[in-house]
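1. Quick one: sequence plus predicted model below, questions after.
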Amino acid sequence: MTEQRGRERDAIGQAWRELVDAACRTVKDGLVVGTSGNVSVRVGDTILVTPSGVPYDRLRPEDVVGVDIEGRRTIGELSPTSELPMHLAIYRATDAGAVVHTHAVHATAVSMLVRELPAVHYMTGVLGGPPRVAPYALYGTEELAENMLRALRDRTGCLLQNHGTVTYGDTLSQAYDRTAQLEWMCHLWLTSSKVPGHTPTLLSPAQLREAEQKLRGYGQKRD
């Protein structure tokens with residue numbers, strides 16, 4: 001039993017370090033400003049989340065924050081992110097291993113213009129199709145979480161109207177990559193839409209399905 005608990009502590013410690021690194025990266029990559037946005041990762045029955053209102057570069061190993069699937073704090077003393085309802089909604093509805101929420105500039109701009117990001121690039125396939133825009137609701141509310149879940153149907157990422165982005169994945173690395181791809185595609189669409197007298201060409205549903213199938217096998221396969 002003692003050995004098992006030791007392994008659990010080690011797993012949580014490693015996951016927390018990765019979570020803090022990812023949170024710091026959102027600031028470095030310009031996806032958030034200050035303490036906006038949040039990151040979470042699931043370790044067994046525990047969900048580790050960034051705390052509310054603490055600069056990510058000041059987070060220490062002892063600042064770890066963990067909750068159960070009902071949102072009850074099980075690890076740490078700091079309050080979890082105010083966007084906890086969104087994270088929990090995804091974990092309850094999917095087998096996600098990690099969730100990333102940002103206030104990325106281009107994605108937020110797109111969320112104010114359309115109801116769905118047009119299919120401007122085949123990387124749309126990594127999200128399961130064109131990302132939808134969840135209707136606006138006050139941050140940290142169950143209403144926002146519900147709107148987000150509807151937008152995420154058959155998708156692994158969506159936009160939040162006048163707010164930002166949410167993506168999830170099997171791993172934190174995958175969730176973060178989807179966030180970066182979503183922001184890049186929003187930037188691409190905004191850029192191409194500005195050219196006078198021209199309308200961006202879009203990929204067809206068949207082309208997106210073809211790309212999605214090919215992307216499933218993308219990357220190196222390790223023995």
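-> Received it, and whenever you're ready, just let me know what you need.
2. low-confidence ranges in this protein?
-> Along the chain, the parts satisfying pLDDT under 70 run over 1, 3-4, 6, 217-223.
3. can you do 90?
-> For the chain, applying pLDDT under 90 flags the ranges 1-10, 34-35, 197, 209, 211-223.
4. mind listing the strands for it?
-> Ranges of strands in the chain, per DSSP state E, are 38-43, 46-49, 66-67, 73-75, 98-102, 133-134, 157-160, 164-169.
5. out of these, which comes closest to Leu31?
-> Nearest to Leu31 among the strands of the chain is strand 98-102 (4.0 Å), distances taken as C-beta to C-beta. Where you see a C-beta, it was placed from the backbone N, CA and C, and this is true even at glycine.
6. now what about that closest one, what contacts it?
-> For strand 98-102, contacts defined as C-beta atoms under 8 Å, 6 or more residues apart in numbering pick out 22, 26, 31-32, 36-42, 83, 86-87, 90-91, 164-172, 174-176, 178-179, 183.
7. got it, and stretch 114-130?
-> Stretch 114-130 is contacted from outside by 110, 131-133, 154-157, 159, 167, 177-178, 181-182, 184-186, 188-189, 192, 200, 202-204, 207-209, 211-215, using C-beta under 8 Å, 6+ apart.
8. Now do the buried residues in it.
-> Using 16 or more other C-beta atoms under 10 Å as the test for burial, stretch 114-130 gives 117-130.
9. Stretch 23-31 now?
-> For stretch 23-31, the neighbour count (16+ other C-beta under 10 Å) marks Ala23, Cys24, Arg25, Thr26, Val27, Leu31 as buried.
10. Any chance of TSV for those, columns distance to Arg58?
-> TSV is the format used below for the buried residues of stretch 23-31 (distance: C-beta to C-beta, whole Å):
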residue	distance to Arg58
Ala23	11
Cys24	10
Arg25	15
Thr26	15
Val27	12
Leu31	18
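11. Which other helices and strands does the longest helix belonging to the chain contact?
-> Criterion DSSP state H: the longest helix present in the chain is helix 2-28. Helix 2-28 sits against strand 38-43, strand 46-49, strand 98-102, helix 172-193, with contacts defined as 3 or more C-beta pairs under 8 Å, 6 or more residues apart in numbering; DSSP states H and E.
12. Compile these into JSON lines and extend it with columns for distance to Ile69 and mean neighbour count.
-> Putting the helices and strands packed on helix 2-28 into JSON lines (distance: least, C-beta to C-beta, whole Å; neighbours: other C-beta atoms under 10 Å) gives the following:
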{"stretch": "strand 38-43", "distance to Ile69": "9", "mean neighbour count": "25"}
{"stretch": "strand 46-49", "distance to Ile69": "7", "mean neighbour count": "24"}
{"stretch": "strand 98-102", "distance to Ile69": "13", "mean neighbour count": "29"}
{"stretch": "helix 172-193", "distance to Ile69": "18", "mean neighbour count": "20"}
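13. Looking at these, spot the one closest to Gly140.
-> Comparing the helices and strands packed on helix 2-28 by C-beta to C-beta, strand 38-43 comes nearest, at 10.4 Å.
14. Paired strands for that closest one, with orientation please.
-> strand 46-49 (antiparallel), strand 98-102 (antiparallel) (DSSP bridges).
15. now do the same end-to-end measure for stretch 110-126.
-> This stretch, stretch 110-126, spans 19 Å end to end (C-alpha to C-alpha, to the nearest Å).
16. ok now that stretch, how far from the chain's centre?
-> Its chain's average C-alpha position is 15 Å from that of stretch 110-126, according to C-alpha atoms, centre = their mean, to the nearest Å.
17. next one: stretch 66-78
-> Distance of stretch 66-78 from its chain centroid, counting by C-alpha atoms, centre = their mean, is 20 Å.
18. That'll do, ta.
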